[in-house]
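sequence and predicted structure below; questions after.
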Amino acid sequence: MANEFGYIDENLKVIREKVGEASEKSGHKVAIMAVTKTVPAQAVNHAVKLGVRLLGENRVQEFLTKQSSYDNSAKVHMIGHLQTNKVKYIINSVDMIQSVDSLKLGQEINRLALANGKVMDILCEVNIGGEESKSGVAPEKLRELVVQLSQLKSIRIRGIMTVPPPVDSDIFLGRTEELYNKIKYAHISGVDMDILSMGMSNDYEKAIMYGSNLVRIGTALFGARNYQK
């Protein structure tokens, strides 16, 4: 019987080769995240069996319906826009929240993490292109948000995340790298800047050259997906 998910094997092989080449050129290690939006749990688990150790979830409700079916050897990050009233559903189920873009959201994560006796790792999401259709703090307000969040004791800032505009992406990738380095080398107390999460199926090689050490890949791994609800 042919491997039902053989295409994932082939896609992951190509992705790993490209990430490896870009990583060698850039001089830093890169983690591959499988973005699971609309992807069946069986396909996700196949990727995990192939060694993918990070899963990226976009929607709380979809994650909750698939969570019990997942191979629990992989870590799960929330990468989609997160409403404060939904934090309670994932506070004990994810290893990191990459989409923190306001003090209000950070405070709610901190409150629930404290109540559950844990410290939640987070990334600050920056809307590097200033696009109305995307979430994220404005670039010029990023440092202020990081400083405010650093005062909260039950969250730990690990870096920043962004989705750059597809047009002139080099410019925005470069700007994000500059922002990341400025905050990293400001040595703000309580901030561990060790993750720059940027780059998806269409630009992950380029993003790595601009310092990304975590790329979020969905379509290139699982194929074109049905985004209808």
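All right, it came through fine.

only C-alpha atoms from now on, for both contacts and neighbour counts.
Noted.

what's the single longest helix in this protein?
With secondary structure taken from DSSP state H, the chain has its longest helix at helix 6-26.

could you say what helices and strands the helix or strand immediately after that helix in the chain packs with?
Under the assignment DSSP states H and E, the closest C-terminal helix or strand after helix 6-26 is strand 31-35. Applying 3 or more C-alpha pairs under 8 Å, 6 or more residues apart in numbering; DSSP states H and E, we find strand 31-35 packed against strand 54-57, strand 214-217.

on that earlier part again, for the longest helix of the chain, buried residues please.
Buried residues in helix 6-26, defined by neighbour count with 16 or more other C-alpha atoms under 10 Å: Ile8, Asp9, Leu12, Ile15, Val19, Gly20, Ala22, Ser23, Ser26.

what do you get for stretch 156-172?
156-165, 169-170, 172.

now, which of the buried residues of helix 6-26 sits nearest Leu54?
For the buried residues of helix 6-26, the residue nearest Leu54 by C-alpha to C-alpha is Leu12; the value is 13.4 Å.

now do the SS call for Gln61.
helix (DSSP: H, G, I helix; E, B strand; the rest coil).

how near is it to Thr36?
13 Å (C-alpha to C-alpha, to the nearest Å).

now Lys153
For Lys153 relative to Thr36 (C-alpha to C-alpha), the value is 30 Å.

identify the residues contacting the nearest residue to Ser69 once chain neighbours are set aside.
Residue nearest to Ser69 in three dimensions, not counting chain neighbours: Ala41, with 6.2 Å by C-alpha to C-alpha, 6 or more residues apart in numbering. Counting by C-alpha atoms under 8 Å, 6 or more residues apart in numbering, Ala41 touches Lys66, Ser69, Tyr70.

any idea which of these has the most stuff around it?
Neighbour counts for the contacts of Ala41, by other C-alpha atoms under 10 Å, peak at Tyr70, which reaches 19 neighbours.

residues near Tyr204, how many?
23.

run a quick neighbour tally on the nearest residue in space to it that is not next to it in sequence.
Spatial nearest neighbour of Tyr204, chain neighbours left out: Val215 (6.0 Å); criterion: C-alpha to C-alpha, 6+ apart. Residues lying near Val215 (other C-alpha under 10 Å) number 25.

now the strands for the chain?
Secondary structure of the chain (DSSP state E): strands located at 31-35, 54-57, 75-78, 96-100, 120-125, 155-161, 191-197, 214-217.

which elements pack onto the second one?
Other elements packing on strand 54-57 under the criterion 3+ C-alpha pairs under 8 Å, 6+ apart are strand 31-35, strand 75-78.
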